[in-house]
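Participant: Provided below for reference: sequence and predicted model.
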Amino acid sequence: MDQDVSARDRLEHWFAPCSDPAWHLVWSGYDAMREAQVEACFALSNGFIGVRAARPISRGPTWVTYQHHLTWASWPRTYIAGLFDTPNVVPPVPGLVPAPDWLRVKLWIDDRLLLLRSGELLAHNRVLDMRRGLLKGEWVHRNPAGHLARLEVLTAVSLADRAVATQFVRLRIEGGSVRVRLEASFESTGSALELVRARRESAVWHTAGGGKTLAIAARAGLIGRPTEHQSTAPLKWSWTWEQGPGEVTDFVRIAAFARGETNAGATERRAALGIARAEATGWSGVLAAHERAWAERWHSSDVEIDGDATLQQALRFAVYHLVSAANPDDERVSVGARALTGDAYLGHVFWDTETYLLPFYIFTWPEAARALMMYRYHTLPGARAKATRLGYRGALYAWESTDTGEETTPEKVIDTAGRLIPVLCGLEEQHIDADIAYAVWQYWQATLDDGFLLAAGAEIILETARFWASRAALEADGRYHIRRVIGPDEYHETIDDNAYTNIRAAWNLERGLEVVALLEQRWPERGRSLRTRLALEQPELDAWAAVARGLVRGQDAETGMIEQFAGYFDLEDIDLSAYLSRTVPMDVVLGRERTARSQIVKQADVVALLALLPDLFDQTAHERNFAYYERRCGHGSSLSPALHALVGARLGQVELAERYLHQTARIDLEASGVNSAGGVHIAALGGLWMATIFGLAGFRQHGEELALDPNLP
Ligand code: BGC
């Protein structure tokens, strides 16, 4: 550990405040009701480790009452991407297992433990420095004996070496000399991890159900205070010293994390290598490399907005979390619905990643996009198994996916009225297949990464196309139909011929045929071997072409109007403007059943089609459909407003687009919201980027050409 006093000068550089407000988020005070949201929004992550921004002192889960239920206020959590386990409960839904809490610090001043609830809290500020990926905290506390403790805390998870995380605590005491005791430890966060073995400065655990392993190695020390520490237990250090007024003590901790399959020894060795790398560069080297890695990311992804400070900050916030969420070095994980910032959705991966996040990665960080696409390739066996289980061919991706690609959507949930309701998405929300194929194609079109197409992408497109061909059924009217599905609008279940699903499925089939032709033309050898492996013969390809041609698309040839699904236009038409003052989603206002019998849509559905496949529709169809569906959308999902901003902007409805952009920006950052307690809405953040770049800036790719057609406010 770097114990040099001059090290303090270097530490100053990272503690120094960042002067430009557009680059940081500030939260002052401590409000139990808002704490969980702050912890999520200010979270640090590098796509492997995710750390919520809970305070390190007087730390631990705390509870508040919310709508008459006890819920957590503070939820100190560190997540490790891909560390999934299925708890021994019914129903057995897998979820991310939290890592032991590595940030615990306890302080005693003259033998009195410093606690938030005793004494007086004079200042409590947190600053997220988004430019450098640093979380800074300041805590000024007067204890009952009248001593003033001034603490500054700095935490970072390295973007340069994803195994490594660091913590710094700087302590000053005012009001006389005192005896200080500092104890730093790791605390277990529940029973999901079982200890395999612990050494003085490392430990390895396995998940209780599946036996996956997690290892942590750590070092801790004080800067400029050569006190010997006592090691009272594994990964636990304590120091005692006398500190006079005006003196400064800095505590440093570095931890290295490794996740592995069942071989605990191998995982332990990787954590040991991680800590050895960190020790070799020293903590200042770790921070310097981290700062450089962030500078590089911002260099390729910063978005500058003139004249709208709120939107500027929201975009920085979006890019900050998008960069934090991905890991180009790990093809076995994807980004969960709340990234690594909270427990909501248990870390499960949805269509959100391909539809709302991938465009950002494709155009600013293709290596991250590739890893995310490879995750879908590695989970193809799970998708094949699901298609087979439901009686279809090819591959049907899980609506909610974890590490294996098996379907992990819970079969039932309790709704806001306390009723147990079945969740049909795992069975019926099948558009995810086309969303993934679309993402593969977008990635390849933008990067021309032929290696990926040949090794993985082509197979994904062919297997999903094959699914659709077996899924669609030829009926007496001579057309192909896809019945009993859920489109993006989840207020309407078990519907027939959802236009979004059918049009995307037809597109998927057409790309399947295009991939076959492309392989034949450019890589005949590879094409033949892939087709042999998949047993893909000409009659099957002819059938794909017939299905693509014959699928019902729900669009009226004369008016250009698209019916969201068969029978949608006959449903009750409810005027949403009568409900503007509501504070809950429309399905809660009207009840599930009435909502399902109405034309109110949960989120962009036909509008998503316009956003993603704009070239399929002419200007009149864009205008008419947008005007119709925009008025009927309840935005019951955080994914929704961004796509309305995108389509609105493309149509030149700039004021409306701006309104939706701000609505999206508020989802996590709104001062009164508690919605983000379970993690940031990463798809909405990706959507904000899409709406800005594809909508306001009017960026489009046409083959190898890039075009800009701005729609600026
Ligand atoms: C939305 C889905 C989304 C999921 C996870 C749901 O509320 O309707 O489209 O995939 O949340 O973000």
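Facilitator: Happy to help now that I have it.

Participant: from here on, contacts and neighbour counts on C-alpha atoms
Facilitator: Fine.

Participant: What is the neighbour count of Asp20?
Facilitator: By other CA atoms under 10 Å, 9 other residues sit near Asp20.

Participant: Kindly report the same for Phe452.
Facilitator: The burial count for Phe452: 17, using other CA under 10 Å.

Participant: That one is in what secondary structure piece?
Facilitator: Element membership for Phe452 (DSSP states H and E) is helix 450-452.

Participant: Just checking the distance from that helix to the centre of its chain.
Facilitator: Computed by CA atoms, centre = their mean, to the nearest Å, the chain-centroid distance of helix 450-452 equals 26 Å.

Participant: after it comes which helix or strand?
Facilitator: Downstream of helix 450-452 (by DSSP H and E), the next one is helix 458-471.

Participant: average pLDDT across whichever helix or strand comes after that next one?
Facilitator: Downstream of helix 458-471, the next assigned helix or strand under DSSP H and E is strand 473-474. Mean pLDDT, computed over strand 473-474, is 98.

Participant: Determine the set of other helices and strands touching strand 473-474.
Facilitator: Secondary-structure packing of strand 473-474 (3 or more CA pairs under 8 Å, 6 or more residues apart in numbering; DSSP states H and E): strand 480-481.

Participant: If you count contacts, what does the strand it packs on end up packed against?
Facilitator: With 3+ CA pairs under 8 Å, 6+ apart as the test, strand 480-481 has strand 473-474 packed against it.

Participant: what about the strand it packs on, distance to the chain center?
Facilitator: 37 Å.

Participant: Stretch 358-369 too?
Facilitator: 14 Å.

Participant: contacts for that stretch?
Facilitator: 297, 300-301, 322, 326-329, 439, 443, 446-447, 686, 689-690 (CA atoms under 8 Å, 6 or more residues apart in numbering).

Participant: Check stretch 103-111 too.
Facilitator: Taking CA under 8 Å, 6+ apart as the rule, stretch 103-111 contacts 56-59, 113-114, 167, 178-187.

Participant: What subset of those is buried?
Facilitator: When those are checked for burial by 16 or more other CA atoms under 10 Å, the buried set is 56-59, 113-114, 167, 178, 180-186.

Participant: what two of those residues have the greatest distance between them?
Facilitator: By the measure CA to CA, Val178 and Phe186 form the most distant pair in these, at 26.1 Å.

Participant: Chain neighbours aside, what residue packs nearest to Ile461?
Facilitator: Once flanking residues are discounted, Ile461 sits nearest to Ala437: 5.1 Å by CA to CA, 6 or more residues apart in numbering.

Participant: So which elements touch the helix or strand that contains that neighbour?
Facilitator: Take DSSP H and E as the rule and Ala437 turns out to sit in helix 432-447. Applying 3+ CA pairs under 8 Å, 6+ apart, we find helix 432-447 packed against helix 358-364, helix 366-378, helix 458-471, helix 499-522.

Participant: For stretch 461-468, list the C-alpha coordinates in CSV.
Facilitator: What follows is stretch 461-468, C-alpha atoms only, in CSV (Å, rounded to 0.1, in the frame of the first residue of the first chain):
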residue,chain,number,x,y,z
ILE,A,461,-30.5,-14.1,-37.9
LEU,A,462,-31.2,-17.5,-39.5
GLU,A,463,-32.4,-19.2,-36.4
THR,A,464,-34.8,-16.4,-35.5
ALA,A,465,-36.1,-16.3,-39.1
ARG,A,466,-36.6,-20.0,-38.9
PHE,A,467,-38.7,-19.5,-35.7
TRP,A,468,-41.0,-16.9,-37.4
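
Participant: Pull the distance from that stretch to the chain's centre.
Facilitator: Averaging C-alpha positions (CA atoms, centre = their mean) puts stretch 461-468 27 Å from its chain's average.

Participant: Torsion angles phi and psi at Asn143?
Facilitator: Per-residue torsions, Asn143: phi -80, psi 170 (degrees, to the nearest 10).

Participant: near the ligand, which residues of the stretch 451-600 of the chain?
Facilitator: Contact residues, the stretch 451-600 of the chain versus the ligand (CA under 6 Å from any ligand atom): Pro488, Glu490.

Participant: The stretch 201-350 of the chain too?
Facilitator: Residues of the stretch 201-350 of the chain lying near the ligand (CA under 6 Å from any ligand atom): Ala337, Phe350.

Participant: try it again with 5 Å
Facilitator: Within the stretch 201-350 of the chain, the positions adjacent to the ligand are Ala337 by CA under 5 Å from any ligand atom.

Participant: any chance you could map the helices in the stretch 201-350 of the chain?
Facilitator: 264-301, 309-325 (DSSP state H, counting those that start in this stretch).

Participant: Contacts for the last one, please.
Facilitator: Counting by CA under 8 Å, 6+ apart, the neighbours of helix 309-325 from elsewhere in the structure are 21-24, 44-47, 130-131, 133, 297, 301-306, 335, 339-340, 357, 360, 661-662, 665, 669, 682, 685-686, 688-689.

Participant: Name the helix or strand of this structure that has the lowest mean pLDDT.
Facilitator: strand 62-66 (a mean of 68; mean pLDDT, DSSP states H and E).

Participant: most packed of the helices and strands packed on helix 432-447?
Facilitator: Stretch with highest mean neighbour count among those: helix 458-471 (a mean of 26; mean count of other CA atoms under 10 Å).

Participant: who touches that helix?
Facilitator: Under CA under 8 Å, 6+ apart, the answer for helix 458-471 is 376-377, 380, 387, 392-396, 433-434, 437, 440, 482, 505, 508-509, 511-512, 515, 530, 543-544, 547.

Participant: Show the contacting residues for Arg650.
Facilitator: Counting by CA under 8 Å, 6+ apart, Arg650 has contacts Phe694, Gly695, Leu696, Gly698, Asn711.

Participant: Residue nearest the middle of this protein, spatially speaking?
Facilitator: The chain has Ala339 as the residue nearest its centroid, 2.4 Å off, counting by CA atoms, centre = their mean.

Participant: so where's the stretch 101-250 of the chain uncertain?
Facilitator: Within the stretch 101-250 of the chain, the segments meeting pLDDT under 70 span 226.
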